[in-house]
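**Student:** sequence plus the predicted model coming up.
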Number of protein chains: 2
Amino acid sequence: MLVKRLSILGVGLLGGSLGMAAKAAVSGCRVVGYSHRSSTLQRALEIGAIDEAADSPAEAADGADLVVLCTPVGVLGQMIEAIRPRLASSAVVTDVGSTKKSVVEVGDKLLNGRFVGSHPMAGSEKRGVEFARADLFRGAVCITTPTPTTDGGAVEAVEGFWRTLGMRLTRLDPTEHDRVLAEVSHLPHVVAGALVAMQSEEGLNLCGKGFVDTTRVAGGDGALWRDILLDNRDNLLAAIGKLKQNLGVVEAMVKAGDGDGLTRWLEQQAGRRDDLVRRKLKELEG
Amino acid sequence: MLVKRLSILGVGLLGGSLGMAAKAAVSGCRVVGYSHRSSTLQRALEIGAIDEAADSPAEAADGADLVVLCTPVGVLGQMIEAIRPRLASSAVVTDVGSTKKSVVEVGDKLLNGRFVGSHPMAGSEKRGVEFARADLFRGAVCITTPTPTTDGGAVEAVEGFWRTLGMRLTRLDPTEHDRVLAEVSHLPHVVAGALVAMQSEEGLNLCGKGFVDTTRVAGGDGALWRDILLDNRDNLLAAIGKLKQNLGVVEAMVKAGDGDGLTRWLEQQAGRRDDLVRRKLKELEG
């Protein structure tokens, strides 16, 4: 599919970066944006993230080949309902939300196979369109979550679009996506917050570079993460339980003074993480 | 005190960096090093981290104005016993360990007020003298933990030495030090490891930059961290309990669907961390 008219609903950090990236990578692509905050929309125009500002989601979607929902997870369903009456029959809709099961259910029900869930694994703890950048997606993984209901051509269109922006594609079942992401993304966010929450002022004054890095993701937007955590509630609770179990393993070794066991455990996690970093570097080179 | 002869026991990343930093900052300072691994000692000589290699801890300490123990926490006590017979009466001894109560107890008992506990909050998840660098300590905090037993001149000498290397000094009671550090450093290390341990291979394959950052400290040396965790056992167990309590707060809000509470909690931690980062940047500038 040739994306001649791209509609972006929600032009914050992700939506703004998407507009910039699409304009750089897709020749002749005209980008129309919508934001419920007029100041954000104005700023997106000024920095060239979008070519046109629309007054409503429906207006933004009108005549678009591809609509990308970049709003918080909690309003994705409403967005789909809002744009549906004005969508062209050939239009394809996707999103960039961090949870997939709930939005895919709405998309499958309302958009006749033309909705494809996407989760580009790119972002930042920074907030707002002023931090948008055209290379945000390059080299990162994008997960798509087609279902038996999804139209094959729509999947190809969406995956081709992300590929054009330099992303590496992988597919997951929406339910499986939410389970895995709860463990590798949503839980770490909660943990970073809890590590900050539990510190005394004295502790924060004395903390080293390690603490600053460990808690970086806690700097994210509150309302955006509230939506993610509530939408992925059961998986998140299971992931918290799994973490507590793993902390219990360390507790038991520390209580028992099991030095050999501790060393083995620590070396194992260090090794696993080293492998991970090596793999990530290779991906970026490739 | 003019440090004309500096003795470094343990010339890994920290000890090697210390030698480099002292040679750059203290004019006329001669550095003698010891390592139980001859290859490490050889490498420290080659890269100029030390001027002389000693065959034993006692030999390294002989004639030194200042001895800095840079071995793992678990052998600091033995090191003090080993060097004691050869120490000059005017010599001052300090260390760089991540726990302070146990080493300060031994130092107070055996070194007649000439031992001053230090914890320079500098380091890296990298291991080995090949990653040593002269600027490792610059701008970072160094905690000293003098006790009523400690000689005032020895405290001044040690604090003056760290200041010469560009560190910012602060004092804490050894017991208080270990309690605070369990929360802000030792627990985050365990948590990073547990977050890696609990992931499926699929999760690791799909993880984003956030996960890589959150778990960076899990890349540290196993045996070194085993010593720290076991030495600070009670405080660590208390800190794990405190984290679980804080995770419980999130669990309760997620279970209850308390969106306002979650947003408030998330914004609070994000704000606290933003303040922290601002403060750290200011410190580096100052």
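**Tutor:** Yep, that arrived.
**Student:** what distance do you get for residue A:175 to chain B?
**Tutor:** Residue A:175 is 13 Å from chain B, where distance means C-beta to the nearest C-beta, to the nearest Å. The C-beta positions use only the backbone N, C-alpha and C, and glycine is treated the same way.
**Student:** ok, that residue touching residue A:99?
**Tutor:** No - the criterion here is C-beta atoms under 8 Å, and residue A:175 misses it with residue A:99 at 10.6 Å.
**Student:** quick one: the helices in chain A?
**Tutor:** All helices of chain A, identified by DSSP state H, fall at A:13-25, A:38-46, A:57-61, A:76-83, A:101-110, A:152-164, A:174-181, A:187-197, A:201-206, A:209-214, A:222-231, A:233-256, A:259-285.
**Student:** can you give me the angle the last one makes with helix B:187-197?
**Tutor:** Angle of helix A:259-285 versus helix B:187-197, following axes from the mean of the first three to the mean of the last three C-alpha atoms, to 10 degrees, is 70 degrees.
**Student:** which elements pack onto helix A:259-285?
**Tutor:** Packing partners of helix A:259-285 (3 or more C-beta pairs under 8 Å, 6 or more residues apart in numbering or on different chains; DSSP states H and E): helix A:233-256, helix B:187-197, helix B:201-206, helix B:209-214, helix B:222-231.
**Student:** for those, which one sits closest to residue B:247?
**Tutor:** Of all those, helix A:233-256 sits nearest to residue B:247, with 5.6 Å by C-beta to C-beta.
**Student:** quick one: buried residues of that closest one?
**Tutor:** Residues of helix A:233-256 classed as buried: A:233, A:235-237, A:239-240, A:242-244, A:246-247, A:249-251, A:253-254 (neighbour count, 16 or more other C-beta atoms under 10 Å in any protein chain shown).
**Student:** count the neighbours of the closest residue to residue A:45 other than its chain neighbours for me.
**Tutor:** Nearest-residue entry for residue A:45: residue A:53, 5.6 Å, with adjacent residues in sequence omitted and distances by C-beta to C-beta, 6 or more residues apart in numbering or on different chains. Residue A:53 sits with 18 neighbouring residues when counted by other C-beta atoms under 10 Å in any protein chain shown.
**Student:** need the residues of the stretch 51-200 of chain A near chain B, please.
**Tutor:** A:121-123, A:125, A:140-141, A:143, A:170, A:172, A:180-181, A:183-185, A:187-200 (C-beta under 8 Å from any C-beta of the partner chain).
**Student:** please repeat the previous calculation with a cut-off of 7 Å.
**Tutor:** Counting by C-beta under 7 Å from any C-beta of the partner chain, the residues of the stretch 51-200 of chain A close to chain B are A:121, A:141, A:143, A:180, A:183-185, A:188, A:190-200.
**Student:** neighbours of the residue of the stretch 1-150 of chain A found nearest chain B, how many?
**Tutor:** Closest approach between the stretch 1-150 of chain A and chain B, counting by C-beta to the nearest C-beta: residue A:121, at 4.3 Å. Using other C-beta under 10 Å, the number of residues around residue A:121 comes to 22.
**Student:** tell me, how many residues neighbour residue A:257?
**Tutor:** The local packing of residue A:257 (other C-beta under 10 Å) involves 10 other residues.
**Student:** grab the nearest non-local neighbour of it.
**Tutor:** Residue A:257's closest residue in space is residue B:230 (C-beta to C-beta, 6+ apart), at 6.2 Å.
**Student:** return the residues in contact with the one you found.
**Tutor:** Contacts here follow C-beta atoms under 7 Å, 6 or more residues apart in numbering or on different chains; on that basis residue B:230 touches A:254, A:257, A:259, A:262.
**Student:** spatially, which two of the residues you listed are the most separated?
**Tutor:** Maximum distance among the contacts of residue B:230 (C-beta to C-beta): 9.8 Å, for A:254 and A:259.
**Student:** list the contacts of residue A:273.
**Tutor:** Applying C-beta under 7 Å, 6+ apart, we find residue A:273 in contact with B:196, B:215, B:218, B:219.
**Student:** hmm, I was thinking of residue A:30
**Tutor:** Applying C-beta under 7 Å, 6+ apart to residue A:30 gives the contacts A:4, A:5, A:51.
**Student:** so where's the stretch 1-150 of chain A shaky on pLDDT?
**Tutor:** For the stretch 1-150 of chain A, applying pLDDT under 70 flags the ranges A:125.
**Student:** could you report the neighbour count for residue A:151?
**Tutor:** 16.
**Student:** could you report the distance from it to chain B?
**Tutor:** On the measure of C-beta to the nearest C-beta, residue A:151 and chain B end up 25 Å apart.
**Student:** please name the nearest non-neighbouring residue to that residue.
**Tutor:** In space, residue A:151 is closest to residue A:113, 3.6 Å off (C-beta to C-beta, 6+ apart).
**Student:** ok, the residue nearest to residue A:262 when sequence neighbours are not counted - contacts?
**Tutor:** Distances taken as C-beta to C-beta, 6+ apart place residue B:226 nearest to residue A:262, at 4.4 Å, with adjacent residues excluded. By C-beta under 7 Å, 6+ apart, the contact list for residue B:226 reads A:259, A:262, A:263, A:266.
**Student:** and if you look at residue A:81?
**Tutor:** residue A:110.
**Student:** then residue A:227?
**Tutor:** A:72, A:73, A:74.
**Student:** 10 Å instead, please
**Tutor:** Going by C-beta atoms under 10 Å, 6 or more residues apart in numbering or on different chains, residue A:227 touches A:71-76, A:97-99, A:221, B:259, B:262-263.
**Student:** so the residue nearest to residue A:17 when sequence neighbours are not counted versus residue A:166, what's the distance?
**Tutor:** Closest residue to residue A:17 apart from its sequence neighbours, by C-beta to C-beta, 6+ apart: residue A:136 at 3.9 Å. According to C-beta to C-beta, to the nearest Å, residue A:136 and residue A:166 sit 10 Å apart.
**Student:** what's the overlap in contacts for the two?
**Tutor:** In contact with both residue A:136 and residue A:166: residue A:21, using C-beta under 10 Å, 6+ apart.
**Student:** so which of these two has more stuff around it?
**Tutor:** residue A:136 (21 against 15).
**Student:** could you measure from the more buried one over to residue B:9?
**Tutor:** According to C-beta to C-beta, residue A:136 and residue B:9 sit 48 Å apart.
**Student:** surely residue A:89 is in contact with residue A:151?
**Tutor:** No - if you go by C-beta atoms under 10 Å, residue A:89 and residue A:151 don't touch, sitting 11.3 Å apart.
**Student:** who touches both of the two?
**Tutor:** If you check residue A:89 and residue A:151 against C-beta under 10 Å, 6+ apart, the residues they both contact are A:112, A:114.
**Student:** from residue A:33, how far out is the most centrally placed residue in chain A?
**Tutor:** In chain A, the residue lying closest to the centroid (C-alpha atoms, centre = their mean) is residue A:98, at 4.1 Å. Residue A:98 sits 21 Å away from residue A:33, going by C-beta to C-beta.
**Student:** go on, residue A:114?
**Tutor:** Counting by C-beta to C-beta - residue A:114 and residue A:33 are separated by 21 Å.
**Student:** the two: which is more packed in?
**Tutor:** residue A:33 (27 against 23).
**Student:** what sits against that one?
**Tutor:** With C-beta under 10 Å, 6+ apart, residue A:33 has these contacts: A:6-11, A:15-16, A:18-19, A:40-41, A:44-45, A:49-54, A:60, A:70, A:129.
**Student:** kind regards, and thank you for your time.
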